[in-house]
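**Student:** Fold the stuff below for me.
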Amino acid sequence: MTPTDDRLRVLAVDDEEPALEELLYLLGQDPRVGRVLTATTAAEALHRLGAAGRDVVDVVFLDISMPGLDGLELARLLGGSAAPPLIVFVTAHDDFAVRAFDLKAVDYLLKPLRKERFAEAVRRADQLVRAGQGPRPATARRPAPGPGDHVPVELGGVTRFVPIADITYVEAQGDYARLHTRHGSHLVRIPLSTLEEQWRERGFVRIHRSRLVALGRIEELRLDGGNVTVRIGDRVLAVSRRNARELRDLLARHAAGAGRT
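**Tutor:** Have a look, this model is predicted:
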């Protein structure tokens, strides 16, 4: 068997669960395929691919008809990154083929998928990656699909890109997170723990099991008896005891660094 490090790293994107499951089954049957990530929307796919270069993939198997940003629009965005992944479109419609190949797609598969035809698409992608015509080393790649350092969010079928620099704090809501800015809030399907890991270098710190804050947005730290809170704009947020000491240390270092500039 081919070593795991040499196998294709894949992102499968489809908003219909049966179609995504079929795609995952076929990918799992091919020995040339290694790690497989999934996304059910273009916004989720952008997050996967743009997560600080962590989730690097070689090829995206991509549906076209999806709510919000469609597959063709997503492929166009990915094509503008420094080292875009290879694209294989997987769709029930044959009338997008010309536009798909204009976007330099590796292949264009029609649903329902045929095993032999699917295997040929994997072979083409694998051949291109091995020839150095597609992504391979994770260390050489920090993909940044979308305009700058933004988070893709969906609202009413429209995908918007919220600048991370505008986010003041984040609250956990189950498997989702609510991003707060001065102008409102946005719900994204990203666990708080994932954002904590990815945004640590951007100055986001955990102050509570359900809350992250942007360190540079804290205007005031309050100590009232045994309770600790921070003020961000007109919001006062509780700090848990287990996070209070680390937060005070970080704020002190942040203030000292700002004083030297």
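
**Student:** for the stretch 101-250 of the chain, what spans make up the helices?
**Tutor:** 115-130, 192-199, 241-260 (DSSP state H, counting those that start in this stretch).

**Student:** Let's have these in a markdown table, adding mean pLDDT, mean neighbour count and distance to L86.
**Tutor:** For the C-beta atoms, the positions are set from N, CA and C on the backbone; glycine is no exception. Compiled in a markdown table, these are given as follows (pLDDT from 0 to 100; neighbours: other Cβ atoms under 10 Å; distance: least, Cβ to Cβ, whole Å):
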| stretch | mean pLDDT | mean neighbour count | distance to L86 |
| --- | --- | --- | --- |
| helix 115-130 | 94 | 16 | 5 |
| helix 192-199 | 88 | 18 | 24 |
| helix 241-260 | 73 | 12 | 41 |
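
**Student:** Let me have the ones you listed in CSV, extended by distance to A45.
**Tutor:** Formatted as CSV, these follow (distance: least, Cβ to Cβ, whole Å):
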stretch, distance to A45
helix 115-130, 17
helix 192-199, 15
helix 241-260, 32
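
**Student:** Compare those and report which one is nearest to R48.
**Tutor:** Taking Cβ to Cβ as the criterion, R48 comes closest to helix 192-199 out of the helices of the stretch 101-250 of the chain, the separation being 10.4 Å.

**Student:** elements contacting that closest one?
**Tutor:** strand 167-173, strand 204-208, strand 211-214 (3 or more Cβ pairs under 8 Å, 6 or more residues apart in numbering; DSSP states H and E).

**Student:** Indicate which one of these is closest to N227.
**Tutor:** When these are ranked by distance to N227, counting by Cβ to Cβ, first place goes to strand 204-208 at 12.2 Å.

**Student:** Pull the residues that contact that closest one.
**Tutor:** 170, 195-196, 212-215, 230, 237-240, 243, 246-247, 250 (Cβ atoms under 8 Å, 6 or more residues apart in numbering).

**Student:** one more time with 10 Å, if that's ok
**Tutor:** Strand 204-208 is touched from outside by 164, 167, 169-172, 192-193, 195-200, 211-218, 228-230, 237-240, 242-244, 246-247, 250-251, 254, with contacts defined as Cβ atoms under 10 Å, 6 or more residues apart in numbering.

**Student:** angle of the helix or strand harbouring I87 against helix 115-130?
**Tutor:** Here I87, judged by DSSP states H and E, is contained in strand 86-91. Following axes from the mean of the first three to the mean of the last three Cα atoms, to 10 degrees, one obtains 160 degrees for the angle between strand 86-91 and helix 115-130.

**Student:** What residue spans form the domains of this protein?
**Tutor:** Under the assignment named as automatic domain parsing, the residue ranges that make up the domains of the chain are 4-140, 160-260.

**Student:** Could you export the ones you listed as CSV, including distance to H150?
**Tutor:** Written out in CSV, the entries for the domains of the chain read as follows (distance: least, Cβ to Cβ, whole Å):
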stretch, distance to H150
domain 4-140, 8
domain 160-260, 4
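
**Student:** so where's this protein shaky on pLDDT?
**Tutor:** 1-5, 50-55, 136-148, 157, 252, 254-261 (pLDDT under 70).

**Student:** swap the cut-off to 50 and go again
**Tutor:** Within the chain, the set of residues satisfying pLDDT under 50 comprises 1-4, 52-54, 139-148, 259, 261.

**Student:** For it, identify the residue most remote from the centre.
**Tutor:** With distances taken from the mean C-alpha point of the chain and given as Cα atoms, centre = their mean, the most distant residue is G225, at 40.8 Å.

**Student:** got a list of what it touches?
**Tutor:** Applying Cβ under 10 Å, 6+ apart to G225 gives no contacts.
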